[in-house]
Every structure is written in C-alpha cells, then in structure tokens.
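Asks: Have a look at this fold, sequence not included:
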C-alpha cells in the first residue's frame, strides 16, 4: 500500500529564517506530487505541483520554492520566511496515469512564523 | 474555468440529525467529483467519489450522488455523530482543470451531543 510522510509535524520559525519541509511517498512510482497551503479557517491553496523529477509548476508567485530531487521526494523551501507564510502545509500525491485521479494527502506541517 | 461552490459554514447540528452539505460545480464535460474530510489538526482524507453521472459515492454512512442535470454533488448522512465534526471539502477534476483538483472553500460541521 501507499503511504505519504511529511516532516516536521510542527515548526516555529522567526521571520527571515529559511525553511525546508520534506514530503516522501512510499509504495508507488512516478506519482504526481503537490504542495498546498491552508491558512487558519480557510480553504486549500495549491502552491506547486510536479509531474516528474526536476519538473515543478508554480501556481502562485511568492517567496516559496519547491524541488523534486528524487521520484518520491518533494521539498518546499524558502530563503526568508514572512509572517504571512504561517499556515498548515499539506503534501499530496496522485497516480500519474491518465484519468481523473484523486489525491492522497499527508498529515501536514503546521508552520508558525513569529 | 472549472469551479466548485459549497454552502458556507459553520453548520451546527445535534447528534442524530440529518445532514446535507450542498455542493454545485461548473465544468466542461463530465468531471470526476470528490468529497474530502479534514478532522481537526489532520490532513485531508478522501471520503467518497463519483466518476460519472448518476453514480452514488458512499462511505462511513455518507452519500453523494453525481447529478449532471443540476450540476450538484450534495453530501448527505442520515444520522450524524459528534465524531463527524470536521471540515468537508467538495472538489472536482475535469478536462479544463488540467487534471488538477479544483476545490470548494470547505464547510465546517459542528455536531453537538
């Protein structure tokens, strides 16, 4: 079966510090991978998605970036965090094969920028 | 472009009440439709899905029927429990969404004992 991991689970960082959140998927190959942000009491905002190693599509311009160094690893980064970066960050994967495939979510990382 | 509209919350019900959370969509052709649930402090879980018109998705006592004629996918449950308290998201994937999930804003459900 497939599992998706995210870490850390919670993170408190000062403004201006760097960020690295990691997501890994087990039990599948060539997945599509996604990063979402959910602000408190709000819906989901798609930040990045990837259809393969080194292939990243950005949905929202901001001070965040994403990388996919391995097939089942997806990393969200920032060089300098802003207060507005606080939120709940969710990683998800879906089957690469054609069709309208649902996404499967990790447990999330709660980021607080002070 | 494709879009999903959910009823605004929070929705507050007593235990054992009947639940309906409305969801309507705009999309070209025949998208796939989903309901996800997010329990407090957790990630999202797929609750149910339907991939063609008149399909009924069901799971954990929840049901939703894909209605092409009304472009709706309303979530229902006959008797809710306190443990159903969560945020529920309606979503679709269609041709025009480039195979990305298009999300509703979410509806917070509060069940009181």
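Replies: Structure's in. What do you need? Predicted model only: the values in this text are computed from it and were never measured.

Asks: show me where pLDDT drops low in the chain?
Replies: No chain was given, so I picked chain A. Applying pLDDT under 70 to chain A picks out residues A:61, A:97-100.

Asks: my question was about chain B
Replies: B:97-99.

Asks: Kindly report the residues of it close to chain A.
Replies: Residues of chain B found near chain A, taking CB under 8 Å from any CB of the partner chain as the criterion, are B:31-32, B:34, B:36, B:41-46, B:49, B:51, B:89, B:93-94, B:99-101, B:103-106. Every residue, glycine included, has its C-beta placed from N, CA and C.

Asks: Selecting buried members of those residues in PyMOL, what would you type?
Replies: Entered in PyMOL, the line below selects the buried ones among those, by 16 or more other CB atoms under 10 Å in any protein chain shown:
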select buried, chain B and resi 31+32+34+36+43+44+46+49+51+89+93+94+99+100+101+103+104+105+106
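
Asks: In strands only, show me the residues of chain B next to chain A.
Replies: Of those, the ones assigned to strands by DSSP state E are B:32, B:34, B:36, B:44-46, B:49, B:89, B:93, B:103.

Asks: any idea how far residue A:11 is from the nearest residue to residue A:83 once chain neighbours are set aside?
Replies: Leaving aside its chain neighbours, residue A:83 sits nearest to residue A:113 (5.3 Å; criterion: CB to CB, 6 or more residues apart in numbering or on different chains). From residue A:113 across to residue A:11, the span is 9 Å (CB to CB, to the nearest Å).

Asks: Neighbour count: the two, which is higher?
Replies: Looking at residue A:113 and residue A:11 with other CB atoms under 10 Å in any protein chain shown, you find the greater number of neighbours at residue A:113, namely 19 against 16.

Asks: Go ahead and confirm that one touches residue A:15.
Replies: Yes - the criterion here is CB atoms under 8 Å, and residue A:113 meets it with residue A:15 at 5.9 Å.

Asks: Find the centremost residue of chain A, please.
Replies: Nearest residue to the geometric centre of chain A (CA atoms, centre = their mean): residue A:35, 2.9 Å.

Asks: Please, which helix or strand holds it?
Replies: Secondary structure assignment for residue A:35, by DSSP states H and E: strand A:32-38.

Asks: Partner strands of that strand and their direction?
Replies: Partners of strand A:32-38 in the sheet, by DSSP bridges, are strand A:44-52 (antiparallel), strand A:87-94 (antiparallel).

Asks: Return the residues in contact with the residue nearest to residue A:83.
Replies: Neighbouring residues of residue A:113 by CB atoms under 8 Å, 6 or more residues apart in numbering or on different chains: A:13-15, A:81-86.

Asks: for residue B:84, phi and psi?
Replies: phi -80, psi -10 (degrees, to the nearest 10).

Asks: now do residue B:83
Replies: Dihedral angles for residue B:83 - degrees, to the nearest 10 - are phi -70, psi -10.

Asks: quick one on the thing from earlier: need the residues touching each of residue A:113 and residue A:15.
Replies: What both residue A:113 and residue A:15 touch, as defined by CB under 8 Å, 6+ apart, is the set A:81-83.
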